[in-house]
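A.B. asks: okay, sequence plus prediction incoming.
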Amino acid sequence: MAPHGESLLRSNHTTKNNNNNKNNDQNVIKQPLISNDNLKRTVSDISMVLSKEVTMSTCGPGRDANLPPIIEVEGTKCECCGLSEDCTPQYIARVRSKFVGKWICGLCSEAVKEEEGKKGVIREEALSSHMNACSKFNKHVRAHPVLYQAEAMRQMLKKKRADKAIRANKTVQNKGVGIARTSSCIPAITGDIKNEHPRRDNN
């Protein structure tokens, strides 16, 4: 058996070693853990790159010519009402050729055609008339909607009064027209009866 002093020295030595190991563990820098989301994102990015490489290798540069062309659109604005639309250059050129070099939307084109048919004017005059109406509407009605509403109500009342006056004149004229009788027909009837009675008496 070891003496009592040696056992104490050994126990002190082991406790010091344990303390040193703990201090070393604390001094070690802990590395951050990588989350699963980052790993999944990395895997998906790698798979996308690989799939692109496979597609390029199988298709080749010469096979891109067989793909349909991408149709490009342009933003254009109606020269009547100001409506903006996205159309192909071919459609824009076709509309301009129909309406004297002006690009107008579908609603305005129908309005121009209707005005052309009703008034019997050429398309250029119908288009000019419609453009003036749209310009007036945009300047006055859209800028002052309340005043336009009041003016519309005033015109309605004015028209209603005019209709009442016309109806009143027609009623007066209808009342004035009648059968004019200058004398009664009763004396003529009684005269005929008197003339008939002597004839019966004579018979």
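C.D. replies: Looks like it came in fine. Numbers count the residues shown, from 1 in each chain.

A.B. asks: from here on, contacts and neighbour counts on C-alpha atoms
C.D. replies: Will do.

A.B. asks: next up, the contacts around the closest residue to residue 84 other than its chain neighbours.
C.D. replies: Spatial nearest neighbour of residue 84, excluding adjacent residues (C-alpha to C-alpha, 6 or more residues apart in numbering): residue 77 at 4.3 Å. Residues near residue 77 by C-alpha atoms under 8 Å, 6 or more residues apart in numbering: 83, 84, 85, 103, 104.

A.B. asks: so for residue 77, what's the pLDDT?
C.D. replies: Residue 77 is assigned 91 on the pLDDT scale.

A.B. asks: please apply the same query to the one 3 residues further on.
C.D. replies: You'll see residue 80 listed with a pLDDT of 88.

A.B. asks: quick one: secondary structure of it?
C.D. replies: coil (DSSP: H, G, I helix; E, B strand; the rest coil).

A.B. asks: which residue ranges of this protein form helices?
C.D. replies: 4-27, 36-59, 89-98, 106-119, 123-136, 145-176, 186-202 (DSSP state H).

A.B. asks: residue 113 contacts residue 125, correct?
C.D. replies: No: contact criterion C-alpha atoms under 8 Å: residue 113 and residue 125 do not qualify, at 11.0 Å.

A.B. asks: now for residue 150, how many residues are close by?
C.D. replies: Neighbour count for residue 150, taken as other C-alpha atoms under 10 Å: 11.
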